[in-house]
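> Model the structure of this input:
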Amino acid sequence: MSDLPRRAVTRSAKLASLPIGFAGRTALGVGKRTFGKPAEAVAMEIQTRTAEQLFKVLGELKGGAMKLGQMLSIFEAALPPEIAGPYRATLTKLQEAAPPLPVSTVHGVLEEFLGEDWRDYFESFDDKPAAAASIGQVHRAVWHDGRAVAVKVQYPGAGKALISDFNQLARLGRLFGVLMPGLDVKSMLAELKERVVEELDYTIEAESQSLFRAAYLDDPDFYVPEVIAQSGNILITEWMDGTLLSKIISDGDQDTRNHAALLYCRFLLSGPKRCGMLHGDPHPGNFRLLEDGRLGVLDFGAVDRIPGGFQKRLGLLLRIGTMADIDEIEDALRREDFIREGVEVDAESLQAFLAPVTEPFVTETFKFNREWLRDMAARVTDLRPSNVVRQLNLPPEYVIIHRVLSAGTGVLCQLDCEIPARAESLKWVPGFADDEDGSVDCGALSVRP
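Below you'll find the model as predicted:
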């Protein structure tokens with residue numbers, strides 16, 4: 001029997017249980033109010049139970065559904081205050097934990113890929129997982145040479161589960177098309193599925209982590225653990241202690257939050273320039289603040305490779321988004337297919353939408369907080385026909401970049417920090433700075449890498 005509920009009907013039933021469960025709890029709440037229990041208390045109870053079920057179902061499913069839960073946990077900062085409370089702690093759990101595999105299953109995977117004598121590789125191996133995520137869990141162990149290591153074990157059946165989840169998402173394409181008529185949903189989902197499926201290949205992850213480590217070796221700001229060994233669905237890397245970024249979000253003082261936020265922003269922006277790659281999974285569980293003040297980075301399964309020519313295009317696009325000439329902005333967006341051929345947009349509405357979104361790249365320092373994020377979320381999710389966002393497209397080559405920028409912004413708002421995001425962009429994003437004469441070469445945007 002599979003260790004993951006892989007059959008589509010089983011997974012669909014579990015996903016469907018979320019709204020059904022919520023409806024049942026809501027009906028129960030109405031009954032309690034009828035019998036005199038305060039409405040506020042009933043609402044809190046409903047929200048708490050819904051959060052608990054959300055964690056339980058997504059955690060059990062792992063795969064794409066679990067990954068969706070992790071992504072949602074980053075954006076809890078965008079929820080209104082009266083709703084965010086009960087969900088915040090539960091959703092944050094999705095960044096760090098999931099129900100663990102049975103010990104016998106873990107041992108079976110180790111034997112399959114390391115051999116019957118797999119224990120000979122280790123001085124010790126902790127059967128209790130130190131962390132669990134969407135497609136695998138991590139065990140702490142001591143390598144045969146005495147080094148503390150992290151042993152990443154992929155869930156049996158994770159591949160089929162992940163593909164099944166994304167196939168179900170693809171079936172919702174028509175719904176997305178109605179809500180966002182300017183969006184090329186089919187191409188966007190195909191690109192996202194291809195990139196996420198890459199996370200199943202630990203050979204690719206080991207190579208990506210090694211390249212990141214080489215690029216940031218002996219860096220005063222960052223630390224990337226060494227890859228020790230990799231075989232099939234097993235990845236063994238150097239163990240790294242440190243304070244979880246999620247812990248800094250909940251308990252850190254202002255100076256610590258600002259320091260962690262600056263390094264977090266710097267790492268995400270600097271990757272393409274330093275090693276031609278973008279870390280594609282920026283949720284807080286992948287980052288640790290070390291005792292020496294450096295930011296430790298984990299999990300290189302989701303990586304977007306960004307050639308130099310495309311870096312220039314991205315920088316110019318960010319730069320143009322901060323300019324006042326709306327005709328120039330619209331032209332740039334059309335060149336990059338953010339506005340598809342034949343789609344008309346209202347220039348004033350476009351400018352009104354972009355102004356607050358690009359504010360972090362205009363001011364010398366910017367205060368990222370939940371209030372600002374809630375305002376941005378409201379702008380993006382406003383489904384009135386007049387909302388210009390409904391006319392915009394997300395080109396496939398920008399899918400992972402958008403995921404990182406939006407999720408990274410969510411984390412910065414959780415940190416409630418003030419950092420010089422503009423200065424970091426000027427330093428690390430080619431093409432973002434003005435040309436010497438103060439102008440921007442829009443034509444360069446049409447050059448494909």
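> now do the same end-to-end measure for stretch 311-327.
Between the start and the finish of stretch 311-327 there is a gap of 23 Å, counting by C-alpha to C-alpha, to the nearest Å.
> List the buried residues for that stretch?
Residues of stretch 311-327 classed as buried by neighbour count (16 or more other C-beta atoms under 10 Å): 311-323, 326. Where C-beta positions appear, they are placed from N, C-alpha and C, glycine not excepted.
> can you redo these as JSON lines with secondary structure, pLDDT and distance to Cys417?
Listed next are the buried residues of stretch 311-327 as JSON lines, based on DSSP: H, G, I helix; E, B strand; the rest coil; pLDDT from 0 to 100; distance: C-beta to C-beta, whole Å:
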{"residue": "Gln311", "secondary structure": "helix", "pLDDT": "83", "distance to Cys417": "25"}
{"residue": "Lys312", "secondary structure": "helix", "pLDDT": "82", "distance to Cys417": "29"}
{"residue": "Arg313", "secondary structure": "helix", "pLDDT": "80", "distance to Cys417": "29"}
{"residue": "Leu314", "secondary structure": "helix", "pLDDT": "80", "distance to Cys417": "23"}
{"residue": "Gly315", "secondary structure": "helix", "pLDDT": "84", "distance to Cys417": "23"}
{"residue": "Leu316", "secondary structure": "helix", "pLDDT": "77", "distance to Cys417": "27"}
{"residue": "Leu317", "secondary structure": "helix", "pLDDT": "75", "distance to Cys417": "25"}
{"residue": "Leu318", "secondary structure": "helix", "pLDDT": "78", "distance to Cys417": "20"}
{"residue": "Arg319", "secondary structure": "helix", "pLDDT": "78", "distance to Cys417": "23"}
{"residue": "Ile320", "secondary structure": "helix", "pLDDT": "75", "distance to Cys417": "26"}
{"residue": "Gly321", "secondary structure": "coil", "pLDDT": "70", "distance to Cys417": "22"}
{"residue": "Thr322", "secondary structure": "coil", "pLDDT": "75", "distance to Cys417": "20"}
{"residue": "Met323", "secondary structure": "coil", "pLDDT": "72", "distance to Cys417": "26"}
{"residue": "Ile326", "secondary structure": "helix", "pLDDT": "85", "distance to Cys417": "31"}
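> If we only consider those residues, which is nearest to Thr365?
Closest approach to Thr365 among these (C-beta to C-beta): Thr322, at 15.2 Å.
> The stretch 201-350 of the chain: helices as residue ranges?
Using DSSP state H, counting those that start in this stretch, the helices assigned to the stretch 201-350 of the chain run over residues 202-215, 245-251, 254-275, 308-320, 326-335, 347-357.
> could you dump these to CSV with distance to Pro420?
Output for the helices of the stretch 201-350 of the chain, formatted as CSV (distance: least, C-beta to C-beta, whole Å):
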stretch, distance to Pro420
helix 202-215, 23
helix 245-251, 19
helix 254-275, 8
helix 308-320, 15
helix 326-335, 24
helix 347-357, 18
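> Kindly state which of those is positioned closest to Leu295.
Between Leu295 and the helices of the stretch 201-350 of the chain, the tightest spacing by C-beta to C-beta is seen for helix 254-275, at 4.0 Å.
> Would you confirm that Gly301 contacts Ala206?
No - checked against C-beta atoms under 8 Å, the pair Gly301 and Ala206 is beyond contact range at 9.8 Å.
> Of the two, which one has the most company?
Gly301 (26 against 21; other C-beta atoms under 10 Å).
> got any ranges where the stretch 301-449 of the chain has weak pLDDT?
Residue ranges of the stretch 301-449 of the chain with pLDDT under 70: 324, 381-383, 434-449.
> Could you find the closest non-adjacent residue to Val103?
Nearest residue to Val103, sequence neighbours excluded (C-beta to C-beta, 6 or more residues apart in numbering): Asp127, at 4.7 Å.
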